[in-house]
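Visitor: Would you be able to build a 3D model of this:
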Amino acid sequence: LQRKIIALKSPAKLQAQSFAKTLVTDAGGEVGVIQYINLPPEEYTSEIFPGGEIRRVSGDLFTLEVPKVQVMQVPDIWIRPTMKVVVIPPSDTVQKVQLIALDCAITGSDIIKSMNLDNRFAMRMETYLEYHPAQGSEQARLETTANLDVWCEIIPPFNFMPKSALESATSGVVGAVMSAMLNVFNNKVAADYQRWSTDSAYRITRKSIVPK
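Guide: Numbers count the residues shown, from 1 in each chain. Down below sits the predicted model:
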């Protein structure tokens, strides 16, 4: 990552942080929330990332292919990122999943490819999905925190703006988008857990997704 950042020409740095919380009902036992967030990462693709794909490279390293995203709702302009992600499962003392995106490759429509984006940016994103059991008056909940750093070259017409103003404005936009996406993600995870914990046939189907 550091070598990729150094190779960029006077990049702007964008930063964003986001947080989401969703209440859950923990079924406990073999279908408890802890058992759910310990499932192999490949099991989450179909419901949490419709149209996406998670593949294990080796050990805790995965590739995450994000579903195709239309740019400004224009049918012929689309982008599809693929990230290298290290997944650290929960432990006996830490009840959270850590996802650390170390690199991102971008493919897309012809106009996206012509922009040569892969060689113009670098990124690092850390996401934490954490379970908090019910305690006192507080209900059980899933919390997701995300921290994003992006380094990108400045292309026309944005190169006419002061870098500090561009970084501030763009970071604000990225933060707002990330916040909305994180809320959707967290709600999908919570809803998927409720289905997984109550539907044995669904659990079997999910388990069959993982390569032997």
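Visitor: show me the contacts for V66.
Guide: The neighbours of V66, taking Cβ atoms under 8 Å, 6 or more residues apart in numbering as the test, are 49, 52, 80-83. Using the backbone N, CA and C atoms, a C-beta is placed for each residue, glycine as well.
Visitor: how close does it sit to R124?
Guide: As defined by Cβ to Cβ, to the nearest Å, V66 lies at a distance of 16 Å from R124.
Visitor: show me the contacts for the residue nearest to the spatial centre of the chain.
Guide: Geometric centre of the chain, nearest residue: T127, 6.7 Å, by Cα atoms, centre = their mean. Contacts were defined as Cβ under 8 Å, 6+ apart; by that measure T127 touches 98-101, 144-147.
Visitor: what do you get for D199?
Guide: If a contact means Cβ under 8 Å, 6+ apart, then D199 has no contacts.
Visitor: again, but for P50
Guide: With contact set as Cβ under 8 Å, 6+ apart, P50 has these partners: P67.
Visitor: Touching the top strand by length along the chain from outside, list them.
Guide: Identified as the longest strand of the chain according to DSSP state E is strand 74-88. Identification of contacts with strand 74-88 by Cβ under 8 Å, 6+ apart yields 41, 57, 60-71, 97-109, 111-112, 125.
Visitor: redo that, cut-off 6 Å
Guide: When contacts are defined by Cβ atoms under 6 Å, 6 or more residues apart in numbering, strand 74-88 is touched by residues 41, 60-66, 68-71, 98-109, 111-112.
Visitor: Pull the distance from the lowest-mean-pLDDT helix or strand in the chain to the chain's centre.
Guide: Scoring the helices and strands of the chain by mean pLDDT, DSSP states H and E places helix 45-48 at the bottom, with a mean of 71. Averaging C-alpha positions (Cα atoms, centre = their mean, to the nearest Å) puts helix 45-48 12 Å from its chain's average.
Visitor: after that helix, next one along is what?
Guide: On the C-terminal side of helix 45-48, the closest following helix or strand by DSSP states H and E is strand 53-58.
Visitor: which strands and helices sit next to the longest helix belonging to the chain?
Guide: Among the segments of the chain that qualify as a helix by DSSP state H, the longest is helix 163-198. In this structure, helix 163-198 packs against strand 12-23, strand 141-152, with contacts taken as 3 or more Cβ pairs under 6 Å, 6 or more residues apart in numbering; DSSP states H and E.
Visitor: which strands and helices sit next to the first one?
Guide: For strand 12-23, the packing partners by 3+ Cβ pairs under 6 Å, 6+ apart come out as strand 141-152, helix 163-198.
Visitor: what's next to it, contact-wise?
Guide: By Cβ under 6 Å, 6+ apart, the surrounding residues in contact with strand 12-23 are 139, 141-152, 154, 163, 166-167, 170-171, 174-175, 178-179, 182-183, 186-187, 190.
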